[in-house]
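Asks: starting from these lines, generate the structure:
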Amino acid sequence: MKIQILENKNHPKVIHANGKSSHRDGNLYRKIETQFLESQIPQKDKTDDLLILTWKGGKYENQEVILERCMRLYDHPIKILPWPVGVNFWEGSKFKIDGTLEYLRDVKSKYFMWFDAGDVILIDSPSSILESYKEKFSGKLVFNAERNHYPKENRQTEWSDSLKKQYKDLELIDNKHESSFRYMNTGACVGETSIVIEFLEKCQKWMGEKINDTVAGRLAQQEMSDKVVVDRNCELMVCLYDVNESEVVVYE
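Replies: Modelled structure (predicted):
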């Protein structure tokens, strides 16, 4: 199975249904998910020197999520870190930074992938994704991109004035890109572990603010743009937020 994004003619291997793009039955993501699960043949795909990581808890605690099904189909190991309980989403999402950084201190794998557990599908094997990464983004940390600038100003009421200005300036910079997939999304990334650690350390600069991982990640990427990039042409990954069926071709 593969898909093509008509805007850029590329064939991403990682499909992310962030936000509302995964919520409705019969939408593009659900059709991709159904076709993938019906057509994918189980295979063994353990890749040496690669760690794949996610976080799971809350509403997903006692169920197998789509990312776990992907890993089971590929027979590839995945590290699942617990999602913190008893905190709101904004504070809980900071664990993607603090908790992952703490775990990675003792990791020896050269390459690293993280994916959100409940709305990311790998329509190709981890080894194939890694090879495409090496061809297109070698030596970088690459995140997927989306069409939605998030969070918008109505979610910024408890931010400091300094942070509001930084984020507005970042939005203006992102809006200069020709691709409609302008905005970094932290739900999927592929790269070298050493850069991930450096990136997460940079993200901690904003942990005192009432933000989530997306905000810290986008700001850190801007400061580390020589090492951390955004896949705005959907060469490896795509977010389906505000993408409709007429903009995508799905192949058997």
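
Asks: alpha carbons only for contacts and neighbour counts from here, please
Replies: OK.

Asks: can you map out the helices along the chain?
Replies: 28-39, 66-74, 89-92, 95-104, 126-137, 161-174, 193-203, 213-223 (DSSP state H).

Asks: least confident of those helices, on average?
Replies: Note on these: lowest mean pLDDT is at helix 89-92, with a mean of 82.

Asks: any idea how far it is from the chain center?
Replies: How far helix 89-92 lies from its chain's middle: 17 Å, per Cα atoms, centre = their mean, to the nearest Å.

Asks: who touches it?
Replies: Contacts with helix 89-92, where a contact means Cα atoms under 8 Å, 6 or more residues apart in numbering, come from 83, 84, 85, 210, 211, 212.

Asks: in PyMOL, select just the buried ones from the residues you listed.
Replies: Buried subset of these, written as a PyMOL selection, criterion 16 or more other Cα atoms under 10 Å:
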select buried, resi 83+84+210+211+212
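
Asks: lowest-confidence entry in the contacts of helix 89-92?
Replies: For those, the pLDDT minimum is residue 85, 82.

Asks: how close does the closest residue to that residue other than its chain neighbours sit to residue 82?
Replies: With sequence-adjacent residues excluded and distances taken as Cα to Cα, 6 or more residues apart in numbering, residue 85 is closest to residue 58, at 6.8 Å. Relative to residue 82, residue 58 is positioned 9 Å away (Cα to Cα, to the nearest Å).

Asks: again, but for residue 113
Replies: In terms of Cα to Cα, residue 113 sits 17 Å off from residue 82.

Asks: what of residue 183?
Replies: In terms of Cα to Cα, residue 183 sits 27 Å off from residue 82.

Asks: settle it for me: which of those two has more neighbours?
Replies: residue 183 (25 against 15; other Cα atoms under 10 Å).

Asks: which residues touch that one?
Replies: 145, 146, 147, 148, 149, 174, 230, 232.

Asks: how about residue 81?
Replies: So residue 81 contacts 53, 54, 55, 56, 99, 100 (Cα under 8 Å, 6+ apart).

Asks: any chance of those in TSV, plus neighbour count?
Replies: Putting the contacts of residue 81 into TSV (neighbours: other Cα atoms under 10 Å) gives the following:
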residue	neighbour count
53	17
54	22
55	21
56	19
99	17
100	19
